[in-house]
Structures are given as C-alpha cells and as structure tokens.
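Make a model of this:
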Amino acid sequence: MEGVTVGAGSKRVKGVRRQREAGARYARYTEQQIEVLEKLYAECSSPNHFQRAQIIREEPTLRNIDNKQLKVWFQNRRCREKQRKENCDLASENRRLTAANKMLRQENDGLQKKLAQLICENEHLRNQVLNLTTTITTYDLVHQPETNNPQMPIRIANSNNGLLSLAEETKKEFLSKAVGTAINWIPVPWLKLRNPGSLGTIYVSSSCIGVAARAFATVPFKPIKTIELLKDRPSWSRRCRNIDVIAKYPANNGGTIELIYTQYYAPIIMACARDFWTLRYTCMLGDGSYVVCEKSISGSDAAPSSPAALEFVRGRMMASGYLVRPRDDGSTIYLVDHMDLEASSVPEVARPLYESSELVAKKMIVSALHYIEHVANEENDKQTPACREDPAFLRSFSQRLSRGFNDAVNCFSEDGWTLMNSDASDDVIMSIRRTTIFGAYTTSDTVICVKASCLLHNIVPASMVQLLKERRSAWMDFNFSDHSVAFTKAACFSYPGHNTHNLSGAPVLLGHTNHEDETLEVIRFDRSADLLLTVSSGDIYHLQMSNGMEDNGFGACSELIFAPVDRTIPDDAVLFASGFRIYLLGSHTDTNPSTDLTSNEASNTRNGAQAPSMLILAFQFPFEAHLQEEVVAMARQYIRHVISSVKKISAEIMTPGSNPEMNSTEANPAAEFNISLESTYAVNLATLICQSYRSSLGVDILGFNSQSTDSAFEQIQFHPYAIICFSYTAAPVCLYSNQAGLTMLETQSDNLQNLTVDRVLGGSNNISLYSMLPTINQQGYAILPPGQCLSVMDRFVSYGQAVVWRVHAPDGSIHCLAMAFVDWSSVQEI
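Numbering: from 1, shown residues only. Sure thing, here's the model as predicted:
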C-alpha cells in the first residue's frame with residue numbers, strides 16, 4: 001500500500017498516518033489502484049493536468065483521488081524509476097571496470113614475466129660481451145704497467161667513466177687508511193698470529209665511524225696468489241654466506257672494476273643477517289704493488305641498483321681492502337676492514353658484537369691470515385703431528401659443519417625454511433622446511449630446526465664448551481619414552497637418549513684444522529641392549545667440531561657443533577649440523593664508563609666475570625612429513641631439556657663474585673697491558689630504575705630522595721621493597737635483585753640467572769609476564785593485586801601489592817623490566 005500526504009497541517013506520529021481534524025487528507029492506495037496506476041505509468045510516465053483529469057474520469061477505481069494527489073504519485077514513481085536506472089547503470093559500470101581491472105592485472109603479470117625474462121637475457125648477453133671485452137683488452141696483472149697503454153680502447157673507460165672515478169676515489173681513501181693517517185690505529189698486542197714464521201701486527205681504530213681493523217703482515221705467496229686467496233672470502237670467513245660478482249668492467253689503466261654482492265650470516269638468532277653492495281677495484285701501482293679496494297655504493301652513485309633480500313639488513317662498507325707488495329720470499333700485505341654493521345637494529349644485549357673493532361680484527365683479518373698460512377702449510381706438506389687426515393679434507397668438513405650450523409641459526413626463507421611459531425611468549429623458535437636428504441636419511445623429506453638463546457654469567461666460553469664435551473651425557477640423556485613414534489622414525493638416527501645409546505670410549509681425533517684451536521672428531525654411541533624393539537637403528541656416529549678453545553677476552557667465541565653421519569657418507573651429503581655457540585659479551589677498548597649500560601645488556605666488568613656470555617643453540621631433526629606433529633612435540637621437549645641441563649652445568653662451574661679464571665692474563669690478555677675499568681652497571685641501573693619509575697607512574701618510588709647523601713644505588717639496594725630486574729627478551733634472565741629481593745627469594749646474587757619469571761610471578765596467582773605485557777607496553781607499568789611468589793627453597797612468600805614497570809636506557813630503548821614487591825612476608829605453612 002502507498003499513501004501521499006497533502007496539506008500543510010499533516011504530521012507523522014510514530015510512522016503511522018492518520019487524518020487530522022485540521023482537514024489534511026491522506027490517500028491510501030489499494031492494490032487495485034496501484035495496479036491501474038502502474039499500467040497508466042507504462043503508457044505515459046508524465047501526464048499533464050488535463051490527462052490526469054481524464055484518468056480520474058475514466059478509471060472508476062481512482063475517483064476518490066484528486067488531481068494533485070495523482071500528480072504527486074507520478075512524480076514519486078518517476079523518481080523511483082530514475083534511481084533504479086542509476087543503480088543499474090552503476091552496477092553495470094562496476095562490472096565493466098572489474099573485468100577491465102582483471103584484464104589489466106593479467107596483462108601486467110604477463111608483461112612483468114616478459115620483462116624479467118628480458119632483463120635476465122640482457123644481463124646474460126651483457127656479461128658475455130663484458131667477458132669477451134675483458135679477454136681482449138686486459139692483460140695479466142703481472143705484466144701490467146702503471147701507465148696507460150695507447151693501444152687499449154679508450155672507449156671502455158669512457159663508457160664507465162663514473163665507475164672509474166668512484167673506483168679511484170675508493171683507492172685513495174683505502175690507501176690513506178692502509179699506509180696513511182686517516183684513522184688513528186692502536187696496536188692490539190694480544191691478537192697474534194699463531195705461526196712463528198708469520199710476522200705481523202694487528203691494529204684497531206680508536207675512534208671512527210663504524211668499526212675498523214688493520215693488519216700488516218708477511219705471507220709466503222707471491223702477490224697474484226695472495227690476491228686470489230683473499231678474494232675467495234667464503235673459504236676463510238665462516239661468517240660469509242655468499243659472494244657474487246654481479247658485473248665486471250675493465251678500466252683504461254689496466255685495472256678491473258667489479259660490482260660485488262656479499263651476504264653474511266647473523267651470529268645470533270635475535271638479529272638479522274647482513275649484506276653489502278660494493279664496488280671492488282683491482283689495479284697496480286707505479287712501484288709494482290697491487291691494490292684491491294672495496295667500498296659500498298648506493299643508488300646515487302654511477303652504478304646499477306643493488307640486489308634486494310628481505311631477510312638482510314644492508315650494512316655499509318667504508319673504503320677497505322688490501323695492499324700487496326712483492327718481496328723475495330713472498331709478499332707484504334696491508335689489510336683494512338672498515339664497516340658500519342648497523343648496530344642500532346640489533347637488540348641491546350647483542351650490540352657489543354656489532355660495535356667492536358677488535359671482533360672485526362678477530363673474525364675478518366686474523367681469519368684471512370690464518371687461511372693463507374694453512375694453504376701454505378698444505379702446499380709445503382707441513383702437517384701437524386695430531387692430524388691423521390688430509391688437512392684440506394678436514395678443512396672441507398669443518399667448513400660444511402660450520403655452514404650447516406649457520407644455516408640452522410639463520411633459517412633463511414630462500415633456503416625453504418618457514419617459521420612455525422611466531423608467538424613471542426614461546427621460549428624456543430621452530431622452523432621447518434622440505435628438502436632432499438642424502439646418506440642415512442633416505443626416507444626423510446622434512447627437517448625441523450629448533451633454536452634458542454640465553455645469557456650465562458661468570459662463564460668462560462672455552463671452559464663451557466669443554467665441559468659440554470665432557471658432560472655430554474648430562475644434556476643428551478633425554479627420555480624418549482613419551483615420544484616413541486617420533487624417536488623410532490626420526491631421533492633414533494641422530495640423537496642418543498636415556499637407555500637407548502651409550503658413549504663408546506673416547507672420541508676418535510681426526511685432526512686440527514686451525515692449529516690447536518679447532519678439533520675435528522668422530523664420536524660413536526653404541527646401541528643399548530634396552531633399546532626399544534621397534535627401533536631399527538644401530539650405532540650412532542657424530543662428526544664433531546669444537547673451536548675457539550684458545551679464544552679469550554672480549555668477543556671470545558667457542559663452538560661445539562656436531563652432525564650425525566654414517567660410514568658411507570658421500571661428499572655431497574647434507575650435514576644436519578646442531579650444537580652450541582657461546583659468545584663473551586663486553587669490550588676492552590671502551591674507556592667511557594658511562595657507556596657501560598647503553599652498549600651492553602648486562603654491563604661488563606672488563607677484567608672481572610660480570611661480563612655475560614650469550615649461549616646460542618640450534619638442533620635439527622630430519623623426519624617424514626606425516627610425523628610432523630609427533631616430531632614437533634618431541635623436539636620442543638628435547639631442546640628445553642638441553643637448555644635446562646646446560647644451565648645446571650654452568651651453575652656448577654660458575655664462581656661466586658668475580659671469576660679468577662677470567663681475571664687471569666691467560667683468559668684476559670688485556671690485563672697484561674693494564675687495560676682495566678671498574679664496572680658501573682649496578683650504579684647506572686639503580687639510577688635508571690628510579691628515573692623510569694617516576695616517568696611511568698608520575699611519582700618517585702617510596703622513600704627515594706634525590707637530594708639524599710646516599711646514592712641512588714644505596715637507596716635501591718637497601719630499599720624495603722623487594723626490587724628485581726629481568727631482561728626484556730623472549731627468555732627473560734634475572735639481571736639484578738636488591739637485598740630485600742634476595743631475602744624474599746632466599747637466594748644469593750650469584751644464583752640470579754637460575755631464577756625464572758614464572759617462579760617470581762607464578763605462586764598461587766597463575767600470573768604470567770606475557771599476560772601483562774599489553775598493559776605494560778600501553779601505559780609503561782602494571783599493578784598486581786596481593787598474591788604469592790615462590791622462593792628458591794620452594795616456600796611461598798606473600799606480598800600486599802606489586803608493580804612491574806619498564807626501565808629505559810638513556811637512548812630511550814627498553815633495557816629491562818623491574819618489579820617491586822610491597823609488604824612481603826614468608827608464609828609459614830605451604
């Protein structure tokens with residue numbers, strides 16, 4: 001039914017039309033009237049006054065409707081018709097545009113594929129032309145004069161004039177660092193070459209952008225051979241994942257310009273890998289010396305755009321390289337590595353690894369010189385007495401183990417890895433990939449990698465690795481009885497467990513690949529008589545590598561890496577490397593005590609044992625894809641068992657207070673040269689605790705007085721509140737507790753690393769830190785109601801209230817989380 005309102009006095013009352021006494025009339029159209037009106041509208045949609053009068057006369061059903069009402073009905077009907085038509089037109093246009101958009105997308109996809117194909121073909125043709133041009137127009141470096149050869153086509157240099165200018169600028173900058181005074185170099189006497197026949201001195205920069213190291217050494221090879229060895233970076237740098245020469249251009253002075261893309265592994269699991277896009281320039285000087293220099297280039301330079309990789313952070317290499325001068329018995333080389341590793345993108349706890357020039361000297365320059373030395377010994381048939389195998393063979397396997405472990409730590413998606421758990425509350429990281437397996441794993445088609453990291457205090461990395469080797473049964477003695485299916489189909493080929501395999505005698509030493517610093521061994525685990533009858537595996541063999549056993553001081557890195565093997569392992573077999581890597585965090589060259597807290601997660605006493613060590617562990621489990629659920633559960637429990645066991649082992653060897661072994665000259669060579677610095681970590685942390693409490697809650701912590709003669713540290717250390725600090729990481733580590741906190745938890749400061757957040761916050765409240773994180777991140781703090789926590793002696797401690805707040809470092813980053821427990825007291829009965 002439809003109605004039309006006529007008259008100025010008409011109103012609506014709750015949507016119902018009614019006639020008013022004022023005389024306004026409402027027309028209610030019956031279904032019969034509407035049917036007649038629709039027929040008339042089909043004949044004439046806009047009748048005039050006379051036509052409407054005629055309609056009223058001729059249609060008996062419309063005689064109770066006047067001319068004005070009929071006019072309004074036709075107007076409304078035309079409006080509805082117009083709106084319906086517009087809607088149809090819009091829908092039709094939308095369908096047309098959708099179809100056109102789909103067609104354009106398909107066309108664009110096709111063009112993109114064609115473009116990629118054309119780019120690939122063009123690059124291939126360009127490389128072919130360049131290689132051919134290089135062959136025709138360049139000479140062997142040995143016979144290349146400094147002056148330009150007039151017969152060389154000048155058009156080659158002219159076509160790359162911008163690159164040549166950039167290359168010459170790079171050479172000038174490099175020489176100013178290698179033999180000039182562009183950087184103030186400080187000798188590092190405790191970094192020495194192990195071979196008595198190698199002469200050289202290692203230097204680090206005292207102040208410059210980024211990190212820089214330099215070396216002057218003599219080597220037994222001629223310049224061309226030396227350059228060839230140094231350019232093969234993946235062979236001597238365990239950190240280098242890949243190096244590609246993207247393009248090569250001959251210069252008109254007989255030199256060569258190359259565009260290089262290099263990728264480096266991340267040494268830890270909480271940071272991204274690094275890559276570099278650089279120009280490398282090789283040329284000869286007038287005195288017969290050779291220069292190979294390298295520097296990062298950007299889009300603003302006269303060079304092609306760089307490759308892109310989503311999982312890498314682009315580092316910046318300042319002018320670096322090597323100057324090689326010939327001599328009668330070999331060469332003299334000057335090496336310079338100067339780069340900016342973008343340390344700001346790394347969590348604060350790990351920044352020391354990216355901010356130390358000394359570590360660059362260890363991992364880059366010293367590694368390169370040692371590699372040259374090894375190659376020289378192999379060519380001269382100099383073999384160490386303990387080496388039972390060919391040195392080149394041993395080095396090949398050690399590199400494969402190291403590369404396999406680095407791949408496990410990084411788990412690049414381009415290698416097929418997919419992250420399985422993205423929850424920050426999980427204490428382990430799990431990744432999975434499909435792969436083709438060789439050797440003992442012919443039935444497997446999938447690999448799971450489980451990795452984690454944690455901080456250890458008062459630990460020397462080399463001592464810890466040695467203890468992990470000696471106490472292998474402590475962390476490998478996992479009970480697989482609850483995971484029998486996963487064990488029989490996956491783990492039984494890789495890992496010995498409780499009552500499954502027994503260590504068979506001492507490891508068989510294959511030899512040393514880096515003097516006494518790196519050892520390669522084979523370990524055999526005999527099948528136990530109590531092994532499950534469903535297990536078809538026999539004995540287990542592990543190829544094991546331990547290194548860094550002579551590495552001491554800052555950045556000391558020791559590793560224990562192993563991979564299951566069989567007796568018929570082929571040369572190209574996949575080694576599923578698992579194991580441990582331990583870094584000592586700290587800095588010997590830092591002379592500013594105010595930077596202790598901002599540069600190190602748990603500030604370091606340079607000659608003491610307060611410098612924390614970071615443990616990184618990664619384990620791989622090959623299996624058949626249909627067993628994924630069972631293997632995931634087993635792998636997660638296995639890695640947690642390993643972490644727990646390692647923490648117990650570290651607690652046994654950890655010395656209270658400062659560690660005499662770390663204070664010794666042998667463990668800390670810098671002590672011999674009086675490079676010492678008193679730690680201010682606790683003092684700085686106390687100040688930050690007070691400042692962050694005030695900025696988060698708007699008031700000072702109760703009892704704190706900035707005007708007091710007592711320092712902030714003394715007021716916090718002896719505050720009646722139990723104040724405890726945990727690191728702001730996926731696996732929080734207890735960093736500090738005042739005296740009240742130690743009393744409340746019935747522990748000592750030496751055992752803080754054994755405390756967990758669950759123990760402190762759990763109690764009878766079932767409160768978890770991760771449930772509070774949204775509140776803490778939103779307002780900077782969270783208030784906890786009265787509850788209980790659990791002491792180290794497994795006794796409950798009640799508290800009236802607790803507050804958790806973020807402690808910010810001076811640069812604004814989150815340093816840790818602080819907790820204060822008010823009105824706490826021990827509960828007499830549990």
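
next one: stretch 72-92 to chain centre, how far?
Relative to the centre of its chain, stretch 72-92 is centred 61 Å away, using C-alpha atoms, centre = their mean, to the nearest Å.

Quick one: mean pLDDT over it.
When the per-residue pLDDT values of stretch 72-92 are averaged, the result is 90.

Okay, buried residues for it please.
Of the residues in stretch 72-92, those buried by neighbour count under the rule 16 or more other C-beta atoms under 10 Å are 73-74, 77. Backbone N, C-alpha and C define where each C-beta goes, glycine included.

Phi first, then psi, for L702.
Backbone torsions for L702, taken as degrees, to the nearest 10, come to phi -50, psi 130.

That one reaches Y721, doesn't it?
Yes - contact between L702 and Y721 holds when scored by C-beta atoms under 8 Å: they sit 7.3 Å apart.

Which one's more surrounded, the two?
Counting neighbours by other C-beta atoms under 10 Å for L702 and for Y721 shows that Y721 has the greater number, 23 against 11.

Find the nearest non-adjacent residue to that one, please.
Nearest residue to Y721, sequence neighbours excluded (C-beta to C-beta, 6 or more residues apart in numbering): A820, at 4.4 Å.

distance of that neighbour from T729?
Using C-beta to C-beta, to the nearest Å, one obtains 20 Å as the distance from A820 to T729.

Between these two, which is the more surrounded one?
A820 (26 against 18).

I figured that one hits A802, correct?
Yes - between A820 and A802 there is a contact under C-beta under 8 Å: 6.6 Å.

Moving C-terminal from the strand or helix carrying V360, which element do we reach first?
Under DSSP states H and E, the secondary-structure element containing V360 is helix 357-360. For helix 357-360, the following helix or strand on the C-terminal side (DSSP H and E) is helix 367-379.

Tell me the one among the buried residues of stretch 72-92 nearest to K113.
The shortest approach to K113 among the buried residues of stretch 72-92 belongs to R77, at 54.6 Å (C-beta to C-beta).

Walking through the stretch 1-150 of the chain, point out its strands one by one.
When secondary structure is read from DSSP state E, counting those that start in this stretch, the stretch 1-150 of the chain shows strands at 2-6, 25-29.

before we move on, what about the stretch 701-830 of the chain?
In the stretch 701-830 of the chain, the segments counted as strands under DSSP E, counting those that start in this stretch are 722-727, 734-737, 781-784, 787-790, 796-799, 801-808, 814-822, 825-826.

so what secondary structure elements neighbour the third one?
Read it as strand 781-784. When contacts are defined as 3 or more C-beta pairs under 8 Å, 6 or more residues apart in numbering; DSSP states H and E, strand 781-784 sits against helix 769-779, strand 801-808.

before we move on, what about the shortest one?
On a contact count with 3+ C-beta pairs under 8 Å, 6+ apart, strand 825-826 meets strand 796-799.

Can you give the distance of the strand it packs on from its chain's centre?
Relative to the mean C-alpha coordinate of its chain, strand 796-799 is positioned 39 Å out (C-alpha atoms, centre = their mean).

how about that strand: buried residues?
Judged by neighbour count (16+ other C-beta under 10 Å), strand 796-799 contains these buried residues: 796-799.

Likewise for stretch 772-790?
Applying a neighbour-count criterion of 16+ other C-beta under 10 Å, the buried positions in stretch 772-790 are 772-773, 776, 780-782, 784, 787-790.

ranges for the helices of the stretch 451-600 of the chain?
461-470, 472-476, 484-489, 596-599 (DSSP state H, counting those that start in this stretch).

C557: how many residues sit nearby?
Counted with other C-beta under 10 Å, residues neighbouring C557 total 23.

For it, give its distance to Y583.
Between C557 and Y583 the distance is 5 Å, computed by C-beta to C-beta.

contacting residues for the closest residue to V245 other than its chain neighbours?
In this structure, V245 finds its nearest non-sequential neighbour in E258, 5.3 Å apart by C-beta to C-beta, 6+ apart. Neighbouring residues of E258 by C-beta atoms under 8 Å, 6 or more residues apart in numbering: 245, 247-249, 279-282.

try R434
Shown in contact with R434 (C-beta under 8 Å, 6+ apart): 416, 445-446, 625.

Likewise for Y261?
243-244, 246, 275-278, 306-307.

which intervals of the stretch 601-750 of the chain have sub-threshold pLDDT?
Low-confidence segments of the stretch 601-750 of the chain, defined by pLDDT under 70: 601-610, 653-681, 730-731.

can you do 80?
Across the stretch 601-750 of the chain, the stretches falling below the confidence threshold (pLDDT under 80) are 601-611, 651-682, 706, 728-733, 749-750.

do the same with the stretch 151-300 of the chain
Across the stretch 151-300 of the chain, the ranges flagged by pLDDT under 80 are 151-161, 188-201, 206-207, 299-300.

With the stretch 301-450 of the chain instead?
Across the stretch 301-450 of the chain (using pLDDT under 80), the flagged ranges come out as 301-310, 380-393, 421-427, 435-444.
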